[in-house]
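Asks: predicted model and sequence follow; I will ask about them next.
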Amino acid sequence: MITPPLSPQDSAATYSYKRSPGALGQSPQWTRVLSVSSVPHKAKTTEIIMAFASVLSDADITKALDGCKDAGSFNHKKFFADCGLSGKTADDVKKAFQIIDQDKSGFIEEDELKLFLQNFSAGARALTDAETQVFLKAGDSDGDGKIGADEFAALVKQ
């Protein structure tokens, strides 16, 4: 992980970079991660994955994550509405799908779905097994056990 120097106005923020393998025949990808102290005197740190910066606002992502902090509280419809993804263009939803599809297989599999929230913030919790199954069932319209790009787009717009 590389951390560039900060300017004085960024005293409550740090950037780091994480490397993920690229798809077959493609170069590895670097994701910029912003760590911000939203309550400096309490040293509370939230990491918003910068890959979503061009699609969603930090405030909306934080709101959505706060709404499902507790195990068993995740609801995909509420999350997509709270983070603003349900109101985005088809291109923005496709960008989100590509970020969530960590292994670049063209599908979001169960293991990627379990870590869904961590795509938005590195410190977010994993979904419970029950939440993961409900989420998968809601998005897997063809019954193949994974969510494709078109299925994800339909799920976001529900």
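Replies: Perfect, thanks for sending it. Numbers count the residues shown, from 1 in each chain.
Asks: and the helices in this protein?
Replies: Applying DSSP state H to the chain gives helices spanning 58-66, 76-83, 90-100, 110-114, 129-139, 149-157.
Asks: minimum distance to Ser121: which of these has it?
Replies: Across the helices of the chain, Ser121 has its closest neighbour in helix 58-66 (5.6 Å, CB to CB). Bear in mind the C-beta positions are built from the backbone N, C-alpha and C, glycine included.
Asks: by how many degrees do that closest one and helix 76-83 diverge?
Replies: On the basis of axes from the mean of the first three to the mean of the last three CA atoms, to 10 degrees, helix 58-66 is oriented at 150 degrees to helix 76-83.
Asks: worst-scoring helix or strand of the protein, pLDDT-wise?
Replies: Using mean pLDDT, DSSP states H and E, strand 44-49 stands out as the lowest-scoring helix or strand of the chain, at a mean of 45.
Asks: measure stretch 69-79 end to end?
Replies: Distance across stretch 69-79, first residue to last, is 11 Å (CA to CA, to the nearest Å).
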